[in-house]
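In: With the input below, show me the fold.
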Amino acid sequence: MFIKKIIESIFIAIILQLIGVQGAVEIIIEDVLFPTFSKEYLTEPDVYVDVNNQLFANFSIVKQFPPDAQVHFEILGASMGEYVIETGIEIQMSLCEMKDEPVILNPILGMFGLSVSDCPHPVGVYGNQNIEIPMELLPDEFIPNKYLVVGEFLNEEEKLLVLMIYITIH
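Out: Below is the predicted model of the structure:
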């Protein structure tokens, strides 16, 4: 009886420790696409994921975006192969307000070589290599799943640029 109580106590202690353990979030970038881009404003973006799970991106702004352009950013989770689960991460704001949003959008500008002080961004060549998703911006725990990160740059109803990043979180 005494040994049974000790084993139960050890089992409960182990379970409580396992419940409190937070694992490191691992993000695998599956693909990056630009299904829509305005040739009036941009060259076709060149982007790929390298073997180290880092992004390379290169593009040119050939005409400055309108100052009242909007940004829509959203993360959707997968269910039965479709990206339909709303995660609650959705932001819509003007392009120039992005530089003041410190958690998600401002760091994304810097990752792609865009100056956070210039708005709208001037005509020029932009990009970066060895782009990684900044883990410090993510919560300690994230539900393992496949996700779609969607970023849209809009001028009224016209889509100037649509960025889609497919990721898997373990």
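In: Do you have the helices of this structure handy? List them.
Out: Secondary structure of the chain (DSSP state H): helices at 2-20, 105-111.
In: For the last one, the averaged confidence score.
Out: Here helix 105-111 scores 72 as its mean pLDDT.
In: Dig out what the residue nearest the centre of the chain forms beta bridges with.
Out: Of all residues in the chain, the one closest to the mean position by CA atoms, centre = their mean is residue 149, 5.3 Å from it. Beta bridges link residue 149 to residue 75, residue 165, judged by DSSP bridges.
In: How about the contacts made by it?
Out: Contact partners of residue 149, counting by CB atoms under 8 Å, 6 or more residues apart in numbering, are 73, 74, 75, 163, 164, 165, 166, 167. (Glycine included, C-beta is placed from N, CA and C.)
In: who touches the fifth one in this structure?
Out: Listed by CB under 8 Å, 6+ apart, the contact partners of residue 164 are 32, 33, 34, 35, 148, 149, 150.
In: what pLDDT does it get?
Out: 94.
In: Look up how far residue 26 lies from it.
Out: 21 Å (CB to CB, to the nearest Å).
In: just the fourth one next, same as before
Out: As judged by CB to CB, residue 163 and residue 26 stand 22 Å apart.
In: Identify all contacting residues around stretch 81-99.
Out: 65, 67-79, 101, 104-106, 108-109, 116-117, 119-120, 145-148, 153.
In: now swap in stretch 120-134 and tell me
Out: By CB under 8 Å, 6+ apart, the residues outside stretch 120-134 that reach it are 27, 29, 46, 50, 52-67, 69, 95-96, 107, 111-115, 167.
In: give me every residue that touches the nearest residue to residue 151 once chain neighbours are set aside.
Out: Ranked by CB to CB, 6 or more residues apart in numbering and with sequence neighbours excluded, the top spatial neighbour of residue 151 is residue 163, at 4.1 Å. By CB under 8 Å, 6+ apart, residue 163 lies in contact with 32, 33, 34, 149, 150, 151, 152.
In: Got a quick PyMOL command for the buried subset of the residues you listed?
Out: Selecting only the buried entries of the contacts of residue 163 in PyMOL, with 16 or more other CB atoms under 10 Å as the criterion:
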select buried, resi 32+34+149+151+152
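In: farthest-separated two in the contacts of residue 149?
Out: 73 and 166 (15.3 Å; CB to CB).
In: buried set for stretch 73-88?
Out: So for stretch 73-88, counting by 16+ other CB under 10 Å, buried means 73, 74, 75, 76, 77, 83, 85.
In: can you check stretch 111-122 too?
Out: For stretch 111-122, using 16+ other CB under 10 Å, the buried residues are 112, 113, 114, 116, 119, 120, 121.
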